[in-house]
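Enquirer: Sequence and predicted structure, then a few things I'm wondering about:
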There are 2 protein chains.
Amino acid sequence: MTYDLWYWDGIPGRGEFVRLALEAGGIAYRECAREPGIGEDALVKDMLSERKHPPFAPPYLVAGKMVLAQTANILLFLGEKHGLAPGGAAERLWVNQLQLTIADMVTEAHDTHHPISASDYYEDQKKEAARRARGFRDERIPKFLGYFERVLAGADAWLAAGERWSYADLSLFYLIDGLLHAFPRRMCSVAAQFPKVMALHRRVAHLPELQSYFSSGRRLPFADGIFRHYPELDGE
Amino acid sequence: MTYDLWYWDGIPGRGEFVRLALEAGGIAYRECAREPGIGEDALVKDMLSERKHPPFAPPYLVAGKMVLAQTANILLFLGEKHGLAPGGAAERLWVNQLQLTIADMVTEAHDTHHPISASDYYEDQKKEAARRARGFRDERIPKFLGYFERVLAGADAWLAAGERWSYADLSLFYLIDGLLHAFPRRMCSVAAQFPKVMALHRRVAHLPELQSYFSSGRRLPFADGIFRHYPELDGE
C-alpha cells in the first residue's frame, strides 16, 4: 500500500517528521499537495471532507481506510506497523514519550517567532518574539537538550537504547537541524555541553537509509515554517 | 498494583487528565506529592533520580518497573491496559489523536497568560497576554471547538463513537471546564454554536463513575495553573 501524506507544500514543517520516518523506513508514499495539478487548495478541501476520523490540521496520512493525524500519532502507527521503533510495549511507549517531548520543544521553537498569534505576521510581533526567544535560548534550549543528553547517557547510540534507530532518533535529528538553522550562534555556544545529542544528529545525517532522500531534491530547505533564522532572535 | 502519580500539588494542571482517567476507571493510585511529609521537593528529587526512562516533566506515572511521562502517553497506556478506550487499533489511534488535539489547545490556553515565558510572572507579560488572549478567544476557541463539534456530529454521545466514554471524553470535559473557568464571557457567547461539545461536558460531569471523586475533596479547584481567570483576558 502506498500512503498518501498530506502536508503544506513549500516548507518541511511538521510533515518532515513523517517524511523522515517514511524515507528511512523505505516506505512508499505520495506527497499529495506536491503532485502536479493538486496543490494546497486540494489539501484544504480534502481536510474538510466528510470523514469518520477527520484531521484537525496537517500533516495527516491516509492509509487505506484509515486517516491519521497528529505527528506523534502518525509516527506511533508507522513505528508499530513498519518496525521503526522497538517492539515491546514499554519501549513503544517510551519512544512515544520521547516523540511528545520533542514535539513540545518544536512548539516552543515555533512560538519564538510567533508568540502572539500564528496567524499574524512576524513583523507585527517582533518585539514580543525577541523576549520569547531570549527565554527559549537561555532556559529552554539547555533544559530540553540537557534532558536528551541525559537520556542518551543511559543509552548507547540511539535514544531508545536499541541496536537500531527509532523514529524518535530521526525526529531529534530534525529538531537539532532546525535549531542549528534558527539559532546558529546559540547552538554553537552550547553544543559542547551536549556531545551525545550532537553526535546523534551527525549519526542520523549519515544514515545510509536517508542518503537517497537527502540527495533527491525532495527534502525542502527551511523556509517560513517552524524553524526560521531571524538573526535578531539568535544570540550567544 | 497501585500506581504512583507524581504531579505538582495545589493545582489540577495536566495531572488532572490522568486523575480523571484513573478515577473514572476505578483504578487505584497514590498522589505522591500530596502524601503527608512528601511534597514537591520529593517530586523534584524523584524526577531527577537515575532511571532508564526519565520523565522530562510531571505528570508521570510509576507503574511497577515502568515510568511513564507525557500526559497523552500515560493515557494511551491506561486506555489500553484498563479499557478506557475502544480496543481496535484504528480506534485506539483515533482516541490518541483526539487527546493530542486537546493537548494542543491546552498549551495554547496556557500561553494566553504566559505568552513570553512560563518562568516569568503574569504581571510581567500582561500586555502581551492581552494580545495573545484576543487571538485565542476570536480564532482558536471557535476553530478547536468547531472541530470537536464536527467530530461529535459524526458520533453519538461520545467522541470515539463507542457506547462508552473514552479517556478523550474525560479530557474534553476538563478542557471545557477550564475554558469556562478562564474565559466565562467568551464561552457564554459561543457555547450555543457548539451544542454537542457542551452536552458532552455536562454528560461527563454527571458520569456515575466520577461522582465520588467530585465530592471527595481530592479534586482541586483551578488556581495558578493552566486555566486562570484573569477578567482582562476574557471578552465576548
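Expert: Received it, and whenever you're ready, just let me know what you need.

Enquirer: which residue ranges form the helices in chain A?
Expert: Using DSSP state H, the helices of chain A run over residues A:15-24, A:39-47, A:71-82, A:89-113, A:126-135, A:141-153, A:167-182, A:184-190, A:195-205, A:208-214.

Enquirer: how about these in CSV, adding mean neighbour count and distance to B:P184?
Expert: Any C-beta I mention is one placed from the backbone N, CA and C, and that applies to glycine too. CSV is the format used below for the helices of chain A (neighbours: other Cβ atoms under 10 Å in any protein chain shown; distance: least, Cβ to Cβ, whole Å):
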stretch, mean neighbour count, distance to B:P184
helix A:15-24, 24, 37
helix A:39-47, 14, 32
helix A:71-82, 23, 32
helix A:89-113, 22, 26
helix A:126-135, 19, 26
helix A:141-153, 19, 34
helix A:167-182, 24, 38
helix A:184-190, 16, 41
helix A:195-205, 17, 44
helix A:208-214, 13, 50
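
Enquirer: Find the residue closest to the residue sitting furthest away from the middle of chain A in space, skipping its chain neighbours.
Expert: No residue in chain A sits farther from the centre than A:E50, which is 27.9 Å out by Cα atoms, centre = their mean. Excluding its sequence neighbours, the residue lying closest to A:E50 (Cβ to Cβ, 6 or more residues apart in numbering or on different chains) is B:G154, at 7.9 Å.

Enquirer: cool, A:R185 as well?
Expert: Leaving out its chain neighbours, the residue that sits closest to A:R185 by Cβ to Cβ, 6+ apart is A:D234, at 4.7 Å.

Enquirer: That neighbour: how many residues sit nearby?
Expert: A:D234 has 17 neighbours, counted by other Cβ atoms under 10 Å in any protein chain shown.

Enquirer: Tell me how far it lies from A:A130.
Expert: 10 Å (Cβ to Cβ, to the nearest Å).

Enquirer: hang on, the earlier thing: so who does the residue nearest to A:E50 touch?
Expert: The contact partners of B:G154, by Cβ atoms under 8 Å, 6 or more residues apart in numbering or on different chains, come to A:50-52, A:54, B:161.

Enquirer: now do 10 Å
Expert: A:50-54, B:161 (Cβ atoms under 10 Å, 6 or more residues apart in numbering or on different chains).

Enquirer: Most neighbours of all the residues you listed, which one?
Expert: For the contacts of B:G154, the largest number of neighbours (other Cβ under 10 Å) sits with A:H53, at 20 neighbours.

Enquirer: mind checking how far that one is from chain B?
Expert: According to Cβ to the nearest Cβ, to the nearest Å, A:H53 and chain B sit 5 Å apart.

Enquirer: Quick check, that residue in contact with B:L98.
Expert: Yes. In terms of Cβ atoms under 10 Å, A:H53 counts as a neighbour of B:L98; the distance is 8.9 Å.

Enquirer: joint contacts of these two?
Expert: Common neighbours of A:H53 and B:L98 (criterion: Cβ under 10 Å, 6+ apart): A:69, B:151, B:160.
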